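Visitor: next come a sequence and a model predicted from it.
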Amino acid sequence: MLETPVILVVSFAYLGLLFAIAYWGDKRAAAGRSIIARPSIYALSLAVYATSWTFYGSVGRAASTGVGFLPIYLGPTLMFALGWLVLRKIIRISKENRITSIADFVASRYGKSTLLGGLVAVIAVVGIVPYISLQLKVISNTFSILREYPEIVSPSELGSPSLFADTGLYVALVLAAFTIAFGTRKLDATERHEGMVAAIAFESVVKLVAFVCVGLFVTFGVFGGFGDLFGRAAALPQADELFTLGGPDTGYMNFMWLTVLSMLAIVLLPRQFQVAVVENVDERHVSKAIWLFPLYLLAINVFVLPIALGGLVSFQGAGVDADTFVLALPMAEGQQGLALFAYLGGLSAATGMLIVETIALSTMVSNNLVMPALLRAKASRVTERRDLRRLILGIRRAAIVVVLLLGYAYFRAAGEATALVSIGLVSFAAVAQFAPAVLGGIFWKGGSKSGALVGLSAGFLLWAYTMLLPSFARSGWLPESFLEDGPLGVEALRPEQLFGLAGLDGVSHAMFWSMLVNVGCYVGVSLFSRRSAAEHGQAALFVDVFRQPGEGSRFWRGTASVADLELLLARFLGPRRASEALAEFARGRGLVWSEAAEADAEVVHHVERLLAGSIGAASARVMVASVVQEEPLGIEEVMDILDETSEVIAYSRELERKSQDLEAATAELRAANRRLKEVDRLKDDFVSTVTHELRTPLTSMRAFSEILLDNPELETSERERFLRIVIEEIERLTRLINQVLDLSKIESGRADWQIAEVDLREVIEDCAAATAQLFADCEAELDVWLPETAPPVAADRDRVKQVMLNLLSNAAKFCAPGRGRVAVELRVDGGALRVDVRDNGPGIRPQDQQAIFEKFRQGGDGLTERPQGTGLGLPISHQIVTHLGGELWVESAPGSGATFSFTLPLAGSPVGTTEGKG
Amino acid sequence: MNHGRKGERLVALAFLGFLLFDYPLLSLFSTEGTVAGVPVLYAYLFTSWGVLIALMALVVRKSE
Amino acid sequence: MASKVLIVDDEPNIVTSLEFLMRQRGYETRVARDGDEALAAVESFRPDLVLLDVMLPGRDGFEVCQKLRAEGWADLKIVMLTAKGRDIEIEKGLALGADAYVTKPFSTGELVARVSELLEGEA
């Protein structure tokens, strides 16, 4: 199965599949039905982080250092925990400013500096080319190894294939074609490459599944599970080093520096910036990726150690390179299909990285190196060409081919000298140099262009000296003595023990020195340098991106004509898209477009942003400057704008606070209004009810008076009966008026209270006597239970009597007709006397038990169902008892009578001293 | 959704992770012996890594 | 045949006066004390006119009036009596199909005139 033609066909079929997926993805995007606009695809595309270095190299490193490979994946996990803070901010800034690469990001942050952008691009290319070469090398090696089946050879035994027989070259060319096809179809780099992202996400799935399959096979197929595998590995001579940390290459310092390094790399690697920031469809996808992407890394790493240890056990002394275990183990077991799948997994890991990295680098090269150079070189007359689209696309495409071929050339030149991991780390350390400028730039407004420039340069030089040159020396490009004795024999300058700093491994050593000078220079120079107006403006835009989005135009003043701007735009976007873009912008602001119009700052800024998407921020600045008359803003003016901004922010916070206060006040007012309305309604009800209560007796009085007047011939007995009714109604009316007055007197606090010691026994007896006739009329029985003695209460005797009479007459009125029983009981209850009046009437429904103490509310259906009485007795009693410091309440279950109880505090008790005043 | 709290919680988790994955905590587990057949150090690193990711997922989900 | 008048009110004294006034005019009377009783009495007594108080226990006068009209007692004269004299209530009563609306306290003369007008104007 593993014959050369088969492997070749499978390889190219796989690449063909990638083309198909990318083509499909682009088609769907064009139709407006994006397949990548979902957080899981976003997380999968981020997994382009796992290259062939992960696929093969992790196992290689694990075979010599145990968990030493792990920090490379723990770091990104930690950085994604910070992702909400860091990544989301970078995405927002990049979208606001149409930033298309990490070089553009840095250039834009520090006043759209062409120089800085170029520097970042150079560092990126220099740092990444070896990494690209690594991927090509892996593809080439694994292809060759697979071909040798059933023999298992080490990469070092392979020797270099002739140039034209090398798969690496052909893969490089195919990938260049892929990248050109799906990476540079359109000019505007901010228009994302959906097809490419879809292909990358697919590759992430392939490599994960392939690796896990090999892992499962090794763990459970070759060995008898984890226990067996680790048990047999424990017998290896180097087992101690593998199972613990602390060896020479696995110190804690190394572990920590690798964690930091990979934390930075996950954001700053050009390909990661490309997929995480530029290709990001929706900022909210970050949320899910925060945990999903680390989970992917965890999944792909679970079997690294088992495969590494399994390989060590199986190939003990056989001289198989640990970097190839993933492939060699299935081959050694005769699993040809699995070996081929593993090879495909490695291929997918490598090609994914190659595609994205070359797109990212080509954008940087064209926008930050070539374009600025062309703009500067007057001889090229580039600013006068009418249509620049073809030129720029040509530059991009050339850059892609050049980058890939550079990588290939490096691979041919460097040969087999270095292991996979060390090349990867060299690249990581290179991009880590961007960290101070990028991270400082988004959180610290004080970072300046000079600071970034000096810091970056110094860090880069130290990186080259402490990492790149040693790797050259190992490849034999520099004499060994360069490492051993230092350049020209100066020991203090030995690149791996700079100034005699020993005891650190290579990565920790290089990271320490390069970060020290990089951060030191960035901060130091920033603090002591003057910043231009443009820098101040951009710094504020970046750092405050969440506070005041999209206000770049504030830092620009000048005039330009719309026609000139449209012409400029047309040269990069084509005339149709240019006029469309401008018209759309005008519509968005509710303007009618007119070519003769003067363009204001916002229009100019918009055009600059559009251009930035195509040629980078710094070049866009230059192009726009060529067609507008600028009035440069002085530093004081920018500072004024910024001050004003911070004032505006403070003011808006104040406003927000005030509006919250206002809202609270409004709510209070509304509640008060509701209460007032309720009171009003109650008053209305009260008036209406009083009116009714007055009219009813008046009606009888008037009717009978008129009857008596109109019928002088009425019989005496009838005449008497009618007159008696008139008198009865007059009494009722008088009673009503008295009670209304009484109630209003108590309620308004104008009642006259004669507080003295009152013996409740006496009061109850008096009242029982007074109502004896009433009870007799109702044929009801009244039982009075009084204690021998009772302590006096402090109260108004007449008022208490009023309450007692009211309760008794109510009880008489409501008790069961004919067989009524009413019981009155007096007893001491805590610091008070308590009186219960119990009847055996129909009881009071729970929902009415509160209402009966309200004015004119009697038991039953509210106002319409009214037994005799004014409906004021209980409310008055309630007011009286409350005023005297006691309580009045009712307990009742419908059907089994009601018990009205009230308490009055004993004389001398604290509550009882409520001094009623006039 | 409370962005402020979500951010703070995630930053706290990042610090927790840094603590878990570095000296000196790491050295406590850099010993011989196995947990269910898996070397202690491996078991510790992968378990704490998994727990950290689970916590991150929890924080993200809770604030949505 | 004497016209029949149904008196619906829960105030005994007012009922007494209304009964006296109606009988004096020679009408046959019947008394109901609440809404349900009134509806039943209309069925059994089949009055020509109802003197209907608005404030009744249970079903109030408005409801009774509405129900009577809904049940098809179109020829039945309805005079609403109320102690609540607000215009809105008068409107409501007339809208629900009452023929007249009298506010308490009423003039006996006017009430009687009104009733006989309604009964004899048709008879």
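Guide: Now that the structure is in, tell me what you want to look at. Numbers count the residues shown, from 1 in each chain, chains lettered A, B, ... in the order given.
Visitor: point to the residue nearest the middle of chain B.
Guide: Centroid check for chain B by Cα atoms, centre = their mean gives residue B:52 as the closest residue, at 3.3 Å.
Visitor: what residues does chain A have near chain B?
Guide: Residues of chain A lying close to chain B (Cβ under 8 Å from any Cβ of the partner chain) are A:66-67, A:70-71, A:74, A:77-85, A:225-228, A:230-231, A:234, A:240, A:243-246, A:252, A:255-256, A:259, A:287-288, A:290-291, A:294-295, A:298, A:302, A:305. The way it works is simple: take the backbone N, C-alpha and C, and place the C-beta from them, glycine included.
Visitor: any regions of chain C where pLDDT drops low?
Guide: Scanning chain C for pLDDT under 70 picks out C:1, C:85-86, C:122-123.
Visitor: repeat that with 50
Guide: C:122-123 (pLDDT under 50).
Visitor: next one: chain B
Guide: When the per-residue scores of chain B are filtered using pLDDT under 50, the ranges that remain are B:1-2.
Visitor: change it to 70
Guide: In the predicted model, chain B carries pLDDT under 70 at residues B:1-4, B:64.
Visitor: up against chain A, what does it have?
Guide: Contact residues, chain B versus chain A (Cβ under 8 Å from any Cβ): B:3, B:6-7, B:10-11, B:13-14, B:17-18, B:21-23, B:26-27, B:30-32, B:34, B:36-42, B:45-46, B:49-50, B:52-54, B:56-57, B:60, B:64.
Visitor: in helices, which of these fall?
Guide: Within those, membership in helices is found for B:3, B:6-7, B:10-11, B:13-14, B:17-18, B:26-27, B:40-42, B:45-46, B:49-50, B:52-54, B:56-57, B:60, as judged by DSSP state H.
Visitor: list the buried ones in stretch A:814-833?
Guide: Burial within stretch A:814-833, assessed by neighbour count using 16 or more other Cβ atoms under 10 Å in any protein chain shown, is assigned to A:814, A:815, A:820, A:821, A:822, A:823, A:824, A:825, A:826, A:832, A:833.
Visitor: for those, work out which two are farthest apart.
Guide: Using Cβ to Cβ, the buried residues of stretch A:814-833 reach their maximum pairwise distance at A:820 and A:832, which is 28.5 Å.
Visitor: please state the offset of whichever strand or helix holds residue A:258 from the chain centre?
Guide: Under the assignment given by DSSP states H and E, the secondary-structure element containing residue A:258 is helix A:252-268. Between the centre of helix A:252-268 and the centre of its chain there are 25 Å (Cα atoms, centre = their mean, to the nearest Å).
Visitor: which among the residues of chain B next to chain A count as buried?
Guide: With neighbours counted by 16+ other Cβ under 10 Å, those contain buried members at B:6-7, B:10, B:13-14, B:17-18, B:21-22, B:26, B:30, B:34, B:38-42, B:45-46, B:49, B:52-53, B:56-57, B:60.
Visitor: neighbours of the nearest residue to residue A:370 once chain neighbours are set aside, just the number please.
Guide: Distance criterion Cβ to Cβ, 6 or more residues apart in numbering or on different chains; nearest residue to residue A:370, sequence neighbours excluded, is residue A:395 at 5.0 Å. For residue A:395, the tally of surrounding residues (other Cβ atoms under 10 Å in any protein chain shown) stands at 21.
Visitor: show me what the helix or strand containing residue A:395 is packed up against.
Guide: Applying DSSP H and E as the criterion places residue A:395 in helix A:389-414. Here helix A:389-414 touches helix A:114-147, helix A:167-183, helix A:336-364, helix A:562-573, going by 3 or more Cβ pairs under 8 Å, 6 or more residues apart in numbering or on different chains; DSSP states H and E.
Visitor: among the buried residues of stretch A:814-833, name the ones in helices.
Guide: With DSSP H as the criterion, helices contain residue A:814 from among the buried residues of stretch A:814-833.
Visitor: which single one of the buried residues of stretch A:814-833 is nearest to chain B?
Guide: residue A:832 (51.6 Å; Cβ to the nearest Cβ).
Visitor: with adjacent residues omitted, what lies nearest to that closest one?
Guide: residue A:903 (4.2 Å).
Visitor: got TSV for the helices and strands packed on helix A:389-414, with distance to residue A:28 too?
Guide: Formatted as TSV, the entries for those read as follows, by distance: least, Cβ to Cβ, whole Å:
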stretch	distance to residue A:28
helix A:114-147	28
helix A:167-183	13
helix A:336-364	19
helix A:562-573	24
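Visitor: most tightly packed of these?
Guide: Most buried of those, by mean neighbour count (mean count of other Cβ atoms under 10 Å in any protein chain shown): helix A:336-364, with a mean of 26.
Visitor: for that helix, the distance to its chain's centre please.
Guide: In terms of Cα atoms, centre = their mean, the centre of helix A:336-364 is set 32 Å apart from its chain centre.
Visitor: and stretch A:726-743, by the same measure?
Guide: Once both centres are worked out by Cα atoms, centre = their mean, stretch A:726-743 turns out to sit 71 Å from its chain's centre.
Visitor: same question for stretch A:144-157.
Guide: 50 Å.
Visitor: what residues of it count as buried?
Guide: So, applying 16+ other Cβ under 10 Å, buried residues of stretch A:144-157: A:144, A:145, A:146, A:147, A:149, A:152, A:153, A:154, A:155.
Visitor: who's in contact with residue 117?
Guide: I went with chain A, as the question did not name one. Neighbouring residues of residue A:117 by Cβ atoms under 8 Å, 6 or more residues apart in numbering or on different chains: A:103, A:104, A:106, A:107, A:364, A:367, A:368, A:372, A:616, A:617, A:618.
Visitor: next one: residue A:789
Guide: For residue A:789, the residues meeting the contact criterion (Cβ under 8 Å, 6+ apart) are residue A:761.
Visitor: doesn't it belong to a strand?
Guide: No - checked against DSSP: H, G, I helix; E, B strand; the rest coil, residue A:789 lies outside a strand; its state is coil.
Visitor: that one and chain B: what is the separation?
Guide: Relative to chain B, residue A:789 is positioned 67 Å away (criterion: Cβ to the nearest Cβ, to the nearest Å).
Visitor: now that residue: how far from residue A:762?
Guide: Counting by Cβ to Cβ, to the nearest Å, the separation of residue A:789 from residue A:762 is 12 Å.
Visitor: hey, where'd the helices end up in chain C?
Guide: Listed in chain order, the helices found in chain C under DSSP H are C:12-24, C:35-45, C:61-70, C:87-95, C:108-120.
Visitor: in PDB, list the C-alpha atoms belonging to stretch A:443-460.
Guide: Provided in PDB are the C-alpha atoms of stretch A:443-460 (Å, rounded to 0.1, in the frame of the first residue of the first chain):
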ATOM      1  CA  PHE A 443      -2.800  49.300  27.500                       C
ATOM      2  CA  TRP A 444      -0.400  52.100  27.900                       C
ATOM      3  CA  LYS A 445      -0.900  55.400  26.100                       C
ATOM      4  CA  GLY A 446       2.600  56.500  27.100                       C
ATOM      5  CA  GLY A 447       4.400  54.000  24.700                       C
ATOM      6  CA  SER A 448       6.100  56.000  22.000                       C
ATOM      7  CA  LYS A 449       7.300  55.300  18.500                       C
ATOM      8  CA  SER A 450      10.900  55.800  19.500                       C
ATOM      9  CA  GLY A 451      10.400  53.500  22.400                       C
ATOM     10  CA  ALA A 452       8.900  50.800  20.200                       C
ATOM     11  CA  LEU A 453      11.600  51.300  17.600                       C
ATOM     12  CA  VAL A 454      14.500  51.100  19.900                       C
ATOM     13  CA  GLY A 455      13.000  48.300  22.000                       C
ATOM     14  CA  LEU A 456      12.200  46.200  19.000                       C
ATOM     15  CA  SER A 457      15.500  46.700  17.300                       C
ATOM     16  CA  ALA A 458      17.400  45.900  20.500                       C
ATOM     17  CA  GLY A 459      15.300  42.900  21.300                       C
ATOM     18  CA  PHE A 460      15.700  41.600  17.700                       C
END
